[in-house]
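> got a predicted structure here, sequence first:
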Amino acid sequence: MEIHGLSVELGLVPLLRLAWVAATLPILVASLPLPPTGFAHRIVARIGGRGKIVKPSASNGNWITEHHLLQNMKFTVPQRFFLHFYVVGVVLTTLVLLLIWFYAYKEMTPVFPDLLHYSTITSQLTGGSHVFSIHKGPSHTVEHKHHVWQTVFVLLLMEIQLLRRLYETINVFHYGPSAQMHIFGYLAGLFFYIAAPLSLGSSCLLEALNYARGQIAEFIVKGRARMPDIEVDWLGLLKPLLNLGWCQWVAAAIFSWGWLHQLHCHMILGSLRENKGADEYVIPHGDWFRYVSCPHYLAEIVVYAGILVASGGFDITVWLLFSFVPT
């Protein structure tokens, strides 16, 4: 069973990496300032465009809004469908987070050996039998335990980000009745919020899934009466996260910096259209709007940079996820 689970996990990671490359590469190619990529650039701009983006008309040089461009295109959906991204993202991230957190709590604590494991360590050093060992399951290295708890921390950051985006979509943003986005842009958003939590947990997701499957099978065989009572040590759930190391604290600071600025920028944008039926565009001011034209996108990059640092920066899958964010 474990070999099969390992093979599936090894297959999941390349599949996710291939998906990120396939999603990012066309956008990067279309962004190149070369004549052959001009048509691709226009296609990507129309597909990914939303909001109030102005563009010169090729016929008379007048400025027209993206809304008028999209009116001439088929396959658009209301911009309020942004809500779908965050509902899907929150549900999937929560499931992956709880699954790996449960596995970490049951199998990866304590992260560092202590005196309670003296008899087990002595038995290993003297070549003694493992029959009376405290741990009946397979042993895990300190590095692996640390990595699993690090994954829990990364998924917690992702959950915090998605919950805020879900709240903003419902209570802060007021999408105009004519605001549209292209269906491929909509599908790209769904792809991101499905692939992102899977990518962040991919290094130990199948491992945790196999453990949960084993627990369910044991419950079915033994029945509830013969299963031990579930006791949750809340300190044990949180303490390993607090002891991960300086890298995760730096990552949390970077994440919080981008998170708070994005929150403020979105509040500014949301306040520009208190009248939900208005379509006019008002220039925003304040916060990072003083320095860049799209500070909420810049803050998004900072947020995912914090998540990247929290992951340790050695996972290619997380790097590919991060490379998709600026595009």
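Structure's in. What do you need?
> for the rest of this, base every contact and every neighbour count on C-alpha atoms.
Will do.
> so H174 sits in a strand?
No. The assignment for H174 by DSSP: H, G, I helix; E, B strand; the rest coil gives coil, which leaves it out of any strand.
> please work out how many residues are found near it.
Neighbourhood size, H174 [other CA atoms under 10 Å]: 21.
> next: the one 10 residues further on.
Each residue near F184 was counted by other CA under 10 Å, and the total is 16.
> and what about it, helix, strand or coil?
F184 falls in the helix class when you classify it by three-state DSSP.
> for I283, same thing?
For I283, the secondary-structure state derived from three-state DSSP is coil.
> tell me the spacing between it and R290.
Using CA to CA, to the nearest Å, I283 is found at 11 Å from R290.
> Y186 too?
According to CA to CA, Y186 stands 30 Å off from R290.
> who's more crowded, those two?
When Y186 is set against R290 and neighbours are counted by other CA under 10 Å, the residue ahead is Y186, at 20 against 10.
> what's near enough to touch the closest residue to Y304 other than its chain neighbours?
In space, not counting the residues next to it along the chain, Y304 is nearest to F322; the distance is 6.4 Å by CA to CA, 6 or more residues apart in numbering. F322 makes contact with I301, Y304, A305, L308 under the criterion CA atoms under 8 Å, 6 or more residues apart in numbering.
> what about F322, which SS state?
Classification of F322 by three-state DSSP places it in helix.
> kindly indicate which of the contacts of F322 lies nearest F314.
L308 (9.0 Å; CA to CA).
> am I right that that closest one is in a strand?
No. When three-state DSSP is applied, L308 is found to be helix, with no strand at that position.
> thinking it is in contact with I316, fair?
No. With contacts counted by CA atoms under 8 Å, L308 stays clear of I316, the gap being 10.3 Å.
> of these two, give the one with the bigger neighbour count.
Shown here are L308 and I316; by other CA under 10 Å, L308 has more neighbours (22 against 13).
> strands of the chain, residue ranges please.
In order along the chain, the chain carries the following strands (DSSP state E): 54-56, 63-65, 76-78, 180-182.
> helices and strands around the last one, which ones?
Right, strand 180-182. Taking 3 or more CA pairs under 8 Å, 6 or more residues apart in numbering; DSSP states H and E as contact, the helices and strands that strand 180-182 lies on are helix 38-48, helix 66-71, strand 76-78.
> out of the ones you listed, point me to the one whose mean pLDDT is lowest.
Of all the helices and strands packed on strand 180-182, the segment with the smallest mean pLDDT is helix 66-71, scoring a mean of 50.
> ok, for G270, nearest residue in space, not its chain neighbours?
Using CA to CA, 6+ apart and skipping residues adjacent in sequence, the residue nearest G270 is F173, 4.8 Å away.
> now the one you found: phi and psi?
Its backbone dihedrals place F173 at phi -80, psi 140, with angles given as degrees, to the nearest 10.
> quick one: contacts for it?
When the contact criterion is CA under 8 Å, 6+ apart, the partners of F173 are H266, L269, G270.
> and the gap between the last one and V250?
Counting by CA to CA, the gap from G270 to V250 is 30 Å.
> these two: who's more crowded?
Regarding G270 and V250, a neighbour count based on other CA under 10 Å identifies G270 as having more, with 18 against 14.
> gap between that one and Y186?
Here G270 is placed at a distance of 21 Å from Y186 (CA to CA).
> in the stretch 151-300 of the chain, where is pLDDT below threshold?
Counting by pLDDT under 70, the ranges of the stretch 151-300 of the chain that qualify are 223-231, 274-281.
> which residues of the stretch 151-300 of the chain fall in helices?
Listed in chain order, the helices of the stretch 151-300 of the chain (DSSP state H, counting those that start in this stretch) span 183-200, 205-222, 234-242, 246-271, 295-310.
> I am finished for the moment; much appreciated.
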